[in-house]
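>>> Need coordinates for the following:
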Amino acid sequence: MAKAKKGDRVRVDYIGSVRGGAVFFDSHGKEPFEFTLGDGQLLPGFEDAVTGLEAGKSVRVEIPVDEAYGQRRPELVQKIDRSQIPPEYNPSVGDVLQSDMDDGGAIRAMVVEVDDEVLTLDSNHPLAGKDLVFEIELLEILD
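The predicted structure follows:
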C-alpha cells in the first residue's frame with residue numbers, strides 16, 4: 001500500500017488538543033481536512049506525522065510549544081483607547097478584531113478586557129504558549 005509523501009494531496013480526520021487539556025478542534029463529523037504535504041501551510045510536526053502513513057492508519061503526535069505557535073509574547077497585548085473604535089461597536093471579551101495592514105496582510109486581536117475607557121487586545125495566536133497533541137487518521141491519499 002502507498003505511503004503519504006511530500007507533494008501528495010491527502011485527506012485526514014484529526015483531533016487537536018492542548019497537552020493535558022481541552023480539545024480545540026475535532027474534524028470527526030465534519031468535512032475531512034485536505035492538504036498537500038510539503039506546502040508548508042501546517043505546523044511541520046503535523047505534516048511530519050502524516051508523512052509515511054498509509055491510508056487507514058493513525059498516529060498521535062505531540063508538538064512542543066516552540067515547534068507549534070511559540071511562546072506567548074507580552075508585547076502583543078496592548079491597550080487602546082475606546083475612542084479608536086467606532087462608537088456604535090459595543091465590544092465584549094472574546095470578540096476578535098481585525099486590522100488591515102499596508103502590505104495587504106491583516107492583524108487579528110482578541111478582546112481580553114473591556115472597561116469604560118480602554119480595550120485590552122491580545123494579538124498572540126490563541127494556541128501560543130501551549131504544547132499541542134494531535135491524533136491524526138490518514139483517510140486517503142488523493143494523488
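
>>> so what's the most centrally placed residue in the chain up against?
The chain has residue 127 as the residue nearest its centroid, 6.6 Å off, counting by C-alpha atoms, centre = their mean. Contacts for residue 127 (C-beta atoms under 8 Å, 6 or more residues apart in numbering) come out as 18, 24, 68-69. To be clear about C-beta, it is placed using only N, CA and C from the backbone, and glycine gets the same treatment.

>>> which parts of stretch 119-128 are buried?
Residues 119-124, 127-128 are the ones in stretch 119-128 that count as buried (16 or more other C-beta atoms under 10 Å).

>>> Looking at those residues, which two lie furthest apart in space?
119 and 127 (22.2 Å; C-beta to C-beta).

>>> Surely residue 128 touches residue 66?
No: judged on C-beta atoms under 8 Å, residue 128 makes no contact with residue 66 at a distance of 10.7 Å.

>>> starting at the chain centroid, how far to the helix or strand bottoming out on mean pLDDT in the chain?
Among the helical and strand segments of the chain, the one scoring lowest on mean pLDDT, DSSP states H and E is strand 96-100, with a mean of 85. Remark: strand 96-100 is offset 17 Å from the chain centroid, using C-alpha atoms, centre = their mean, to the nearest Å.
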